[in-house]
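**Student:** model the structure of this input:
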Amino acid sequence: MTTMRDVALRAGVSTKTVSRVFNDDPHVLPDTRALVETAMRELNYVPNALATTFRAGRASVIGVAVPDVVDPFFAAIARAVEDTARSHGLSTLVTSLGEDPDDERPALESLLGRQLTGLVIAPVGTDHSWLERWRGHTPIVFVDRAPAGLHTDTFTENDEAGAHLATSHLIAHGHRRIAYLGDMVHLSTETKRVEGWRRALREAGIEVDEELVASEVSSRESAASALEELRALAEPPTALFSANARSSMALAHVLRGAPMPFVGFGDFPMADTLTPSVTVIDQDPRRIGALAAERVFARLEPDAGLGLDEVTVIDVSLVERESCGL
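**Tutor:** Down below sits the predicted model:
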């Protein structure tokens, strides 16, 4: 394989000059740049990524760790990070953390051991204090859910306000028995969304009935089971609030034969083409991913901490479709 030293010998310059040309240093003289670029083409030179990692102390890669890369919300975040990284000349390494909090740390340690340029995490764990020792070398940004036991850059959506908005929308349609269907209720996102659901009910003078809360709704089977239990109540719900896109997709399938009004937290593929189309709280995951990736690059700059808010809460919005007018 051709090395930087070979290019330098062919062009009659130092290896440092070759490196400056390859990194598009504007201070290289045009004639010198032309000599080096000609030598690179003649020798078919490509950089040694491993050697670059050794010199820089980090790989030209941003890590992305999310609960499930198949989930449309997290897939959109990962894609946005990838697009932003590519615009900076970097690639991405994406991994799924799964749902078990105990699996998070080994997965993250495996990524961090690769000397990443930065790491974007949508966490599932309950303690992130151990990441503190990594922050001095690697910018770490959390998305969707705040870290536990760690102060670092975080981009979350306004979960409580979004759940309140969704529930209030159903109340405005005349519903008073509104069920909450979620997944992992121990996560900060879900606890805030449950509280938003409760606050909307209380503000409307509606008594909060905890029997209307269903958790671990993440598949068609669990959605069908939850609906069966809710419909069997002495006072069954007349409408549903689904707390995440995965629960909403499962519900949309189960409700085909016996539709009920519902609003989902988070848009999902084909939500606007279903019959009825599904009203959702839009989280704008692509924006969240892009902001997180840009924060990684901002933290790599000198005086990176100046003028940057560590925690950013992003507003959400209601996308009104047909599923509430049944």
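
**Student:** which stretches of the stretch 151-300 of the chain form strands?
**Tutor:** 153-157, 178-181, 213-214, 239-242, 262-265, 279-282 (DSSP state E, counting those that start in this stretch).

**Student:** which strands or helices does the fourth one pack on?
**Tutor:** With contacts defined as 3 or more Cβ pairs under 8 Å, 6 or more residues apart in numbering; DSSP states H and E, the packing partners of strand 239-242 are helix 159-172, strand 178-181, helix 245-254, strand 262-265. For glycine as for every other residue, the C-beta is placed from the backbone atoms N, C-alpha and C.

**Student:** can I get it in CSV, CA atoms only?
**Tutor:** Output for strand 239-242, consisting of C-alpha atoms alone and laid out as CSV, is shown next (Å, rounded to 0.1, in the frame of the first residue of the first chain):
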residue,chain,number,x,y,z
ALA,A,239,-60.2,7.2,23.5
LEU,A,240,-56.5,6.3,23.6
PHE,A,241,-53.3,8.2,24.0
SER,A,242,-50.3,6.2,22.8
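
**Student:** quickly run through the sheet partners of it, with directions.
**Tutor:** According to DSSP bridges, the neighbouring strands of strand 239-242, each with its direction, are strand 178-181 (parallel), strand 262-265 (parallel).

**Student:** thinking again about what came up before, R299 is nearest to which of the strands of the stretch 151-300 of the chain?
**Tutor:** Nearest of the strands of the stretch 151-300 of the chain to R299, taken as Cβ to Cβ: strand 153-157 at 7.1 Å.

**Student:** list the helices and strands the closest one packs on?
**Tutor:** With contacts defined as 3+ Cβ pairs under 8 Å, 6+ apart, the packing partners of strand 153-157 are strand 140-143, helix 285-299, strand 311-314.

**Student:** of all these, which one is nearest V213?
**Tutor:** With distances scored as Cβ to Cβ, the stretch of the helices and strands packed on strand 153-157 nearest to V213 is strand 311-314 (24.2 Å).

**Student:** ok, and what's touching the helix or strand following the closest one?
**Tutor:** Towards the C-terminus, the helix or strand next in line after strand 311-314, according to DSSP states H and E, is strand 317-319. Counting by Cβ atoms under 8 Å, 6 or more residues apart in numbering, the neighbours of strand 317-319 from elsewhere in the structure are L165, A166, H169, V263, D267, T279, V280, I281, D282.

**Student:** re earlier: quick one, which of the strands paired with strand 239-242 gets closest to T38.
**Tutor:** Shortest separation from T38 across the strands paired with strand 239-242 is recorded for strand 262-265, at 56.9 Å, computed as Cβ to Cβ.

**Student:** so how far is the closest one off the chain centroid?
**Tutor:** 19 Å (Cα atoms, centre = their mean, to the nearest Å).

**Student:** likewise for stretch 207-219?
**Tutor:** Going by Cα atoms, centre = their mean, the spacing between the C-alpha centre of stretch 207-219 and its chain's C-alpha centre is 25 Å.

**Student:** dump that stretch to PDB, keeping only the CA atoms.
**Tutor:** As requested, the backbone C-alpha atoms of stretch 207-219 are provided in PDB (Å, rounded to 0.1, in the frame of the first residue of the first chain):
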ATOM      1  CA  GLU A 207     -60.600  12.400  37.800                       C
ATOM      2  CA  VAL A 208     -57.400  10.500  37.000                       C
ATOM      3  CA  ASP A 209     -58.100   6.700  36.900                       C
ATOM      4  CA  GLU A 210     -54.800   4.700  37.100                       C
ATOM      5  CA  GLU A 211     -56.700   1.700  35.800                       C
ATOM      6  CA  LEU A 212     -56.500   3.400  32.400                       C
ATOM      7  CA  VAL A 213     -52.700   3.200  32.300                       C
ATOM      8  CA  ALA A 214     -51.300   0.300  30.300                       C
ATOM      9  CA  SER A 215     -47.600  -0.400  30.100                       C
ATOM     10  CA  GLU A 216     -45.300  -2.700  28.100                       C
ATOM     11  CA  VAL A 217     -47.300  -2.100  24.900                       C
ATOM     12  CA  SER A 218     -44.700  -2.600  22.200                       C
ATOM     13  CA  SER A 219     -46.100  -5.300  19.900                       C
END
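
**Student:** buried residues in it?
**Tutor:** By neighbour count on 16 or more other Cβ atoms under 10 Å, the buried set for stretch 207-219 is L212, V213, A214, S215, V217, S218, S219.

**Student:** check stretch 272-290 too.
**Tutor:** Along stretch 272-290, these residues count as buried under the neighbour rule (16+ other Cβ under 10 Å): 274, 276-281, 283-285, 288-290.

**Student:** tell me the two of these that are most distant?
**Tutor:** In the buried residues of stretch 272-290, two members sit farther apart than any others by Cβ to Cβ. They are P276 and A290, at 31.5 Å.

**Student:** for the stretch 1-150 of the chain, which segments count as strands?
**Tutor:** If you assign secondary structure with DSSP E, counting those that start in this stretch, the strands in the stretch 1-150 of the chain sit at 61-66, 91-96, 118-121, 140-143.

**Student:** quick one: list the elements packing against the third one.
**Tutor:** In terms of contact count using 3+ Cβ pairs under 8 Å, 6+ apart, strand 118-121 is assigned the packing partners strand 61-66, helix 104-112, strand 140-143, helix 285-299.
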